[in-house]
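[1] pasted the sequence and its predicted model underneath.
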Amino acid sequence: MRKRLLVASCFITILFFTHKASAQMDSLGVYFIGNSVTENLKPVAFENIVDAADKKITWGWNVIYGQSLSYIWQHSGEGFIQPPFDGFENALTNYQWDAITLQPYQSPIGNSYGDLASVLNYLDLVKEMSPEIQVYIYQRWPRLPDGVEPLPETWDSLWVRTHDDQLASRYDSREFFENLTDSIRFNQTDTKKCLMIPVGEVMHRLNQEMKNGNIPGYTNIWDVYIDDIHMKGIGSYIIAATFYATLYQTDLSNTIVPGIYGFLNPTQRAIIQETIYETIIDYRDSEGQSWSGVEATGTHIANNIHLAEYSIVQSNNVMHISFSKPFDLGRKSIRILNTKGQIIYSRISAKGCTFKIPAKGIYIIQIEDLSGKVSFPIKKVLMN
């Protein structure tokens, strides 16, 4: 008997962006297909991120370590699967899904066993039960070749290589994933336009931030690798946060970092989250559309912010922060950061404080209760 995934939740606006069709992105059924790079997402921890943001996900997967989409197509149900959906053949033909993510691996685009043919096979299978399915290509990152020193410039040079379908060493470059996604779009006839979860491009931009010394504790993106291709906990968080922002078409404010991913201090967290969101908005195809499908319909960040915990009111170049009851009890650390994560001001206060901001622009507000009992939402504010 065919079944429909039933998922529901309430909608909460986070931060001060509006997104195309965002109200439809609170509850999703997502099926993941790939290998250990897909496993690096840590879907149970990813589910915790989603739940903590008052959104819902029902997920399944078919993951076979070390294998391509073509191999997995021939071996449905092997490897890691998630009951009751089990292997992709059962999952895609007997359940309805909102999205499917497909992770290419070490295959060319254009032959009978290549990634284009494989993706079209999966789409042919899923579209009858899920005609409104959104397919995403999971854009991964370069592998560290043997004998190559893990420098920031090395990573960048691997990422910007020209795609050559005859060279397997070029199957993890930016251009490979762009060409594959374009090829899928050209060959799609009756499903939604293929989109991309741009983890590789996020890592490229984080590499720049790390190289420039803007993320304390990291010198380049190789630092989040655990071997030549897999991720440490923080690398897995970068993957999960990019999936979340893309699938749910939102930013990462007020989201948690589950412990399995490791620890990020407020500065590291703010810059990584901001870079992820800016990437999925700014990274564009040849038609000027975002590869992720996430389009900000405006870039307004509220000048005055009123939350349950505190309010921010500005007048000219003055920002005043005041706390609401019962949050006006106890001393708090209040920090103002620029968009690079650099601390501009830092104060300790219980009732609130006033800052004189010398320049127009976007600033990040971080507040922590010194007792450690209250977590205040990080916000951005536009000073103009």
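    Thanks, I have the structure now. Numbering: from 1, shown residues only.
[2] tell me the SS of the residue minimising distance to the centre of the chain?
    By Cα atoms, centre = their mean, the chain has its centre lying nearest to T242, at 0.7 Å. Put simply, T242 is helix when judged by DSSP: H, G, I helix; E, B strand; the rest coil.
[3] backbone phi and psi for G217, please?
    For G217, the backbone dihedrals are phi 90, psi -10 (criterion: degrees, to the nearest 10).
[4] got it, and V63?
    phi -120, psi 120.
[5] count of residues packed around it?
    Neighbour count of V63, defined by other Cβ atoms under 10 Å: 22. In this view, the C-beta of every residue, glycine as well, is placed from N, C-alpha and C.
[6] what does the one 5 residues further on give?
    Summarising burial for S68: neighbours were counted as other Cβ under 10 Å, giving 21.
[7] quick one: contacts for it?
    35, 104-107, 113, 115, 118 (Cβ atoms under 8 Å, 6 or more residues apart in numbering).
[8] please pick the buried ones from these.
    Buried members of the contacts of S68, scored by 16 or more other Cβ atoms under 10 Å, are 35, 104-105, 107, 115, 118.
[9] how about TSV for the contacts of S68, with distance to C194 and secondary structure added?
    Output for the contacts of S68, formatted as TSV (distance: Cβ to Cβ, whole Å; DSSP: H, G, I helix; E, B strand; the rest coil):
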residue	distance to C194	secondary structure
N35	20	coil
P104	12	coil
Y105	17	coil
Q106	20	coil
S107	16	coil
Y113	19	coil
D115	11	helix
S118	13	helix
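[10] what is the nearest of those to V160?
    P104 (18.0 Å; Cβ to Cβ).
[11] L382 in helix, strand or coil?
    Classification of L382 by three-state DSSP places it in strand.
[12] how many residues are close by it?
    For L382, using other Cβ under 10 Å, the count is 15.
[13] with D124 instead?
    12.
[14] surely it forms part of a strand?
    No. Using three-state DSSP, the assignment for D124 is helix, not a strand.
[15] and the pLDDT at it?
    pLDDT recorded at D124 is 96.
[16] who touches it in this structure?
    With Cβ under 8 Å, 6+ apart, D124 has no contacts at all.
[17] swap in the one 10 residues further on?
    Contacts were defined as Cβ under 8 Å, 6+ apart; by that measure Q134 touches 98-100, 192, 195, 293.
[18] and those, which are buried?
    Buried by 16+ other Cβ under 10 Å: 98-100, 192, 195, 293, out of those.
[19] what about those residues, which are in strands?
    Among these, the members found in strands (DSSP state E) are 99-100, 195.
[20] nearest to Y248, of those residues?
    Nearest to Y248 among those, with distances taken as Cβ to Cβ, is A99, at 10.3 Å.
[21] re earlier: which pair of the buried ones among the contacts of Q134 spans the longest distance?
    For these, and using Cβ to Cβ, no pair is farther apart than I100 and G293, which are 13.8 Å apart.
[22] right, and Y136 touches Q103 too?
    No. Using Cβ atoms under 8 Å, Y136 is not in contact with Q103; the gap is 9.6 Å.
[23] what about the helices in the stretch 51-200 of the chain?
    Counting by DSSP state H, counting those that start in this stretch, the stretch 51-200 of the chain has helices at residues 69-73, 88-94, 115-126, 152-159, 174-187, 199-211.
[24] among those, which comes closest to I344?
    When those are compared by Cβ to Cβ, helix 199-211 sits nearest I344, at 17.5 Å.
[25] which strands or helices does the closest one pack on?
    Contact partners of helix 199-211 among helices and strands, from 3 or more Cβ pairs under 8 Å, 6 or more residues apart in numbering; DSSP states H and E: strand 134-139, helix 152-159, helix 174-187, helix 233-247, helix 266-282.
[26] kindly export the third one (C-alpha atoms) in PDB.
    What that stands for is helix 174-187. What follows is helix 174-187, C-alpha atoms only, in PDB (Å, rounded to 0.1, in the frame of the first residue of the first chain):
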ATOM      1  CA  ARG A 174      33.200  23.400  -8.700                       C
ATOM      2  CA  GLU A 175      32.800  23.300 -12.500                       C
ATOM      3  CA  PHE A 176      32.000  19.500 -12.400                       C
ATOM      4  CA  PHE A 177      29.100  20.000 -10.100                       C
ATOM      5  CA  GLU A 178      27.900  23.100 -12.100                       C
ATOM      6  CA  ASN A 179      28.100  21.200 -15.400                       C
ATOM      7  CA  LEU A 180      26.300  18.200 -14.000                       C
ATOM      8  CA  THR A 181      23.500  20.300 -12.500                       C
ATOM      9  CA  ASP A 182      23.100  22.200 -15.800                       C
ATOM     10  CA  SER A 183      23.000  18.800 -17.700                       C
ATOM     11  CA  ILE A 184      20.300  17.500 -15.500                       C
ATOM     12  CA  ARG A 185      18.300  20.700 -15.900                       C
ATOM     13  CA  PHE A 186      18.600  20.400 -19.700                       C
ATOM     14  CA  ASN A 187      17.500  16.800 -19.700                       C
END
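[27] that helix versus strand 134-139: what angle between them?
    Using axes from the mean of the first three to the mean of the last three Cα atoms, to 10 degrees, the direction of helix 174-187 lies 160 degrees away from that of strand 134-139.
[28] pull out the buried residues from helix 174-187.
    Residues of helix 174-187 classed as buried: 174, 176-184 (neighbour count, 16+ other Cβ under 10 Å).
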